[in-house]
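Novice: Below: sequence and its predicted model.
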Amino acid sequence: MNAKQNNANLGMEKKLAALQRRLERERQARKQAESILEEKALELYRTNEELRHLNENLERQVQARSKALMDSELRYKRIIESMELGLMEVDNDGIIIRAYDWFCDMTGYTSEELVGQKANEVFIAEDQLSTIQFQDENRKRGQAGVYELQIKKKDGTPIWVLISGAPLYDADNNIIGSVGVHYDITAQKNLQNELIKARQIAEQAQQAEKQFLANMSHEIRTPLNAVIGMTHLLFDTKLSPKQKEFLSILKSSADLLKGLINDILDFSKIESGQMEVAPREFDLIGLLKSLEKTFQLKVEKKAVEVETQIDPRIQNMFVGDDLMLNQILFNLVGNAIKFTNDGSVGVRVKVLKEENDDRLLQFEVFDTGIGIPAEKLKVIFEDFKQVSKEIKLKYGGTGLGLAITRRLIEMQGGTIWVESEINQGTTFSFTIPYKDAGRAAIIKNDKLPDQLTFSPKACKVLVAEDNMMNRKYIGTLLKKWEIKPEMAHDGQEAIELAKKQPFDIIFMDIQMPEVDGYEATIAIRNTQNINQNTPIIALTASALTREKDKAFSLGMNDFLPKPFAPIELLRCLNTHLSQNNEKETNCTETQQNNMEEVFTFNPKLDIDYLNDCYEGDLEYASDMFNIFLDFTLPEIEELEKTIATKDHDSIRKAAHKMKPAFAMVGLTHITDNMANIEQMAKESADISSIEHIFKETKKELNIFVPILQHELEKMKRFIEN
Amino acid sequence: MKGIVFTELMEMVEQTFGYEVADELVEENQLPSGGAYTSVGTYQFEEMVILLQSLSQKTETPIPDLMHAFGKYIFQTFKKNYPVFLNAADSSFDFLESIEKYIHVEVRKLYPDAELPTFKTNRISPNQLEMYYFSERKMGPFAKGLIESSLEHYGDQGDVQMSKIDEQGKEVKFIINRA
């Protein structure tokens, strides 16, 4: 029992001990857990603290960033708002999503009125739709754009806006619409339109002014031409030395005035774009030679040589505006001569560039004159600029010459420059591009062909005469002979006409304004043209040998002094046109009746009688002379034989028959003798006295027959001519 | 090794064999921790090996069988303590597939010092899953118990075949079939 109980107790004790141990382990586990818990709690606390710090930090950063963002947004918002830029956002369908204050102010709408509306329907007038549609399409493709557009305000007033449009994107980079920045440019636009109008008005005014200038110059030129023309006419009259002096001053003043007017006219033509480059084929070498000879005439009074140096490569005809080139060279060479008192002036031409048929030519106009001061070299090509007031006073001019020259050169694609040294000389150089015409310029210096056909109707005559009266006079005469002449009013026109059509003969007045007869002859003789060998007859009031010699030396063929009689003109035509055409000669002769002076008979003959008798009909007269010499003269022998018969009646009859024949050849005194014989025979007078008169008559006849024969020949020549 | 494995093992021993056996396991072995376990603590894995060996001798049950039973037992604890993981999956296979990618990830957040096995899954067919176990702990049977309990939890009938890939059992392959 005790043992059992002991065992039982022992078992209980063991169990108890196990439980106690378990309890103890549980306690320890709890302590472990608690300490872990405490540790974890502490850790948690620390972690929390860190987290809080971190959070606070983060928050501060976020706050700072947000503030910065807000500041920035606010700043930009303020900038945009203060910049008077109206912002509006639309979606892809053009519906307004947002309208900013300025945009509302600008258009007169409230934001509420706009949002939800179709922007184009609200603002855009129909005529502007295409602009905005084009921009809308660009926006959808993601392209920004700046453009001007007229839109209408709420009250209907149109305003102009400058729009900078850009696409709007969402977070995923899809285009969701566009934003437009509008800037009101109505004021600028109005100003711009006003400016355009003002400019148009100004341009019109300027154009009108130029036109006015051109018209005025032209209007002034016309009466001035009359003044110059009349001056030339006056020179043709008998003048006292004093009158001649006054007239010379009048002429040079008128010429100067005309030069100025021409400069202004040219200048205004260039300025108003009326002057155009007219290229044609021309003979450059001929042009330069003419120029040289023309200026040689002008420097006759100065100790100045005129030279021309031509690049040997220049052989062919060129294509370009030869009139402009002539004007340029005239200006430059004219200037050179004006400012050069001794030494030489001249033109050098060289080929600067050759490419295919393109030729760039460089012209140099040089002189050994007074030179141009270095500081003035830049301004001389400017309009209305002259080297100095002294120059203006001394040499005159508008100051437009070089400005015109420069413009003419530049119009043709060239450039001009100048080099000069005081008292050494000046060289103006310029370039002009031309084309080579590809054929040689043939200069014909042959003599005139021996025969030319002269048929009045087909006969082509050029008359260069500045005087209207003279033109009319010569024109009337020629028309009478069924010749329709071409009239040139000055030398330049004559040159131009001579280039255009062939003439059989050219009558050239020597004293003409602009280009005179000598210069025109030089031009026609020395440049290649269809009239290079056409006879040129000088018309001049001055019959000085010096002038005659000059005319012949320049290639003129004859000389017709003014005032001339119609017959002289006709003789001249006959001399220089064909001599073979009988018909034409007849034609000419039939016209002679109308002439004041027909033929000058030997004054030993009774000229009055002859003129009364034939009235200039030489054909008739020569027939009469012929008949007289062939038939009347042999009858003198018959009369002598009759007198020898001493038959008074036969003598009377014979004398009567022969009597008129003598008067018909201008021997009226022999007719008188015959009348005496007739009378004496009638009265049966002493035969010896009749014989005496007959002897005297025969003596007379011996003297007069050669004269009559000569006169007949003269008449025949005259008629033939 | 996490304390919960020790506390749950001792719990199972007490429930199955009585607290005396549990006391003996502690008393008879020299355990560094002295046998006082709390689920929040961490203990050396060697103590688990000693406990299992000692239990195997006392109960004359092979260690793999003990581990298998322990796996099935501990599943209930997990189910009770961490229902969230089970609720997150709709089916047993989904749950098993989520262990590596989801549950272990979350466990590591709670217990950064936890030493967990690695699983790889491969769905052969809708009702067959291949699952690989890799661990230095060589506790394949423990895993098998857990897998079987999972199937049961989701109401699946099926079987789990286990085969060692290496001799020691560090790498194990499971073929899981469900009906």
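Specialist: Nice, I can see it. Numbers count the residues shown, from 1 in each chain, chains lettered A, B, ... in the order given.

Novice: Quickly list the domain ranges of chain B.
Specialist: By the assignment in automatic domain parsing, chain B contains the domains B:3-61, B:68-178.

Novice: Out of those domains, which is closest to chain A?
Specialist: With distances scored as Cβ to the nearest Cβ, the stretch of these nearest to chain A is domain B:3-61 (3.7 Å). Glycine gets a C-beta too; all of them are placed from N, C-alpha and C.

Novice: now do the same end-to-end measure for that closest one.
Specialist: Length of domain B:3-61, first residue to last, Cα to Cα, to the nearest Å: 24 Å.

Novice: can you tell me if that domain touches chain A.
Specialist: Yes - against chain A, domain B:3-61 shows contacts by Cβ under 8 Å from any Cβ of the partner chain at B:7, B:19-20, B:22-23, B:26-27, B:34-41.

Novice: Find me the pLDDT at the residue in the stretch 101-250 of chain A that chain B sits nearest to, would you?
Specialist: The nearest approach of the stretch 101-250 of chain A to chain B comes at A:D172, 29.9 Å away (Cβ to the nearest Cβ). With respect to pLDDT, A:D172 scores 87.

Novice: does it count as helix, strand or coil?
Specialist: coil (DSSP: H, G, I helix; E, B strand; the rest coil).

Novice: what about it, neighbour count?
Specialist: Residues contacting A:D172 under the criterion other Cβ atoms under 10 Å in any protein chain shown number 6.

Novice: Ramachandran coordinates for it?
Specialist: When read as degrees, to the nearest 10, the backbone of A:D172 gives phi -90, psi 10.

Novice: mind checking how far it is from A:S35?
Specialist: Distance, A:D172 to A:S35, using Cβ to Cβ, to the nearest Å: 55 Å.

Novice: Same check on A:F366?
Specialist: 122 Å.

Novice: repeat for A:L573
Specialist: Taking Cβ to Cβ, one finds A:L573 at 154 Å from A:S35.

Novice: And A:K140, by the same measure?
Specialist: Taking Cβ to Cβ, one finds A:K140 at 71 Å from A:S35.

Novice: which bits of chain A sit near chain B?
Specialist: By Cβ under 8 Å from any Cβ, the residues of chain A that approach chain B are A:14-15, A:18-19, A:21-22, A:24-30, A:32-33, A:36-37, A:40.

Novice: and if we set it to 7 Å?
Specialist: Counting by Cβ under 7 Å from any Cβ of the partner chain, chain A comes close to chain B at A:A18, A:R21, A:R22, A:R25, A:Q28, A:A29, A:Q32, A:A33, A:I36.

Novice: any idea of the pLDDT on the last one?
Specialist: Per-residue confidence (pLDDT) for A:I36: 86.

Novice: I'd assumed B:T42 was in contact with it.
Specialist: No - the pair A:I36 / B:T42 is not scored as a contact, 9.1 Å apart, by Cβ atoms under 7 Å.

Novice: tell me, what's touching the two both at once?
Specialist: Counting by Cβ atoms under 7 Å, 6 or more residues apart in numbering or on different chains, A:I36 and B:T42 have no shared contacts at all.

Novice: A:P502 is nearest to which of the domains of chain B?
Specialist: For A:P502, the closest of the domains of chain B is domain B:68-178, at 114.7 Å, according to Cβ to Cβ.

Novice: Pull up the distance across that closest one, start to finish.
Specialist: Domain B:68-178 has an end-to-end distance of 19 Å (Cα to Cα).

Novice: what does the domain assignment say about chain A?
Specialist: A:1-82, A:86-184, A:191-271, A:280-440, A:461-588, A:607-720.

Novice: quick one, which of those is packed in tightest?
Specialist: Most buried of the domains of chain A, by mean neighbour count (mean count of other Cβ atoms under 10 Å in any protein chain shown): domain A:461-588, with a mean of 19.

Novice: Just give me how far that domain sits from the chain centre.
Specialist: Domain A:461-588 sits 29 Å away from the centroid of its parent chain (Cα atoms, centre = their mean, to the nearest Å).

Novice: cool, stretch A:650-658 as well?
Specialist: Once both centres are worked out by Cα atoms, centre = their mean, stretch A:650-658 turns out to sit 83 Å from its chain's centre.

Novice: got the domains of chain A as a markdown table, with distance to B:M131 columns?
Specialist: Listed next are the domains of chain A as a markdown table, based on distance: least, Cβ to Cβ, whole Å:
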| stretch | distance to B:M131 |
| --- | --- |
| domain A:1-82 | 34 |
| domain A:86-184 | 41 |
| domain A:191-271 | 84 |
| domain A:280-440 | 93 |
| domain A:461-588 | 116 |
| domain A:607-720 | 149 |
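
Novice: For A:A488, give me its contacts.
Specialist: A:L462, A:V463, A:A464, A:A494, A:L497 are the contacts of A:A488 under Cβ under 7 Å, 6+ apart.

Novice: and those residues, which two are the farthest apart?
Specialist: A:V463 and A:L497 (10.0 Å).

Novice: For the residue lying closest to A:A18 once chain neighbours are set aside, grab the count of nearby residues.
Specialist: Counting by Cβ to Cβ, 6 or more residues apart in numbering or on different chains, B:D23 is the residue found nearest to A:A18 once chain neighbours are left out, at 4.1 Å. Burial of B:D23 is recorded as 23 neighbouring residues (other Cβ under 10 Å).

Novice: Who are the packing partners of the helix or strand A:E56 falls within?
Specialist: In this structure, A:E56 is located in helix A:2-82 according to DSSP states H and E. The helices and strands touching helix A:2-82, judged by 3 or more Cβ pairs under 7 Å, 6 or more residues apart in numbering or on different chains; DSSP states H and E, are helix B:19-28.

Novice: List the buried residues for the helix it packs on?
Specialist: In terms of neighbour count (16 or more other Cβ atoms under 10 Å in any protein chain shown), helix B:19-28 has its buried residues at B:Y19, B:V21, B:A22, B:D23, B:E24, B:L25, B:V26.

Novice: Could you say which helix or strand holds the closest residue to the fifth one other than its chain neighbours?
Specialist: Counting by Cβ to Cβ, 6+ apart, B:K58 is the residue found nearest to B:E24 once chain neighbours are left out, at 7.0 Å. When elements are assigned from DSSP H and E, B:K58 belongs to helix B:45-59.

Novice: Show me what counts as buried in that helix.
Specialist: Buried, per 16+ other Cβ under 10 Å, within helix B:45-59: B:E47, B:M48, B:I50, B:L51, B:L52, B:S54, B:L55, B:S56.

Novice: By proximity to chain B, which residue of the stretch 351-500 of chain A wins?
Specialist: Nearest to chain B in the stretch 351-500 of chain A, going by Cβ to the nearest Cβ, is A:E355, at a distance of 84.9 Å.

Novice: which ones are touching the residue of the stretch 101-250 of chain A closest to chain B?
Specialist: A:D172 neighbours (Cβ under 7 Å, 6+ apart): none.
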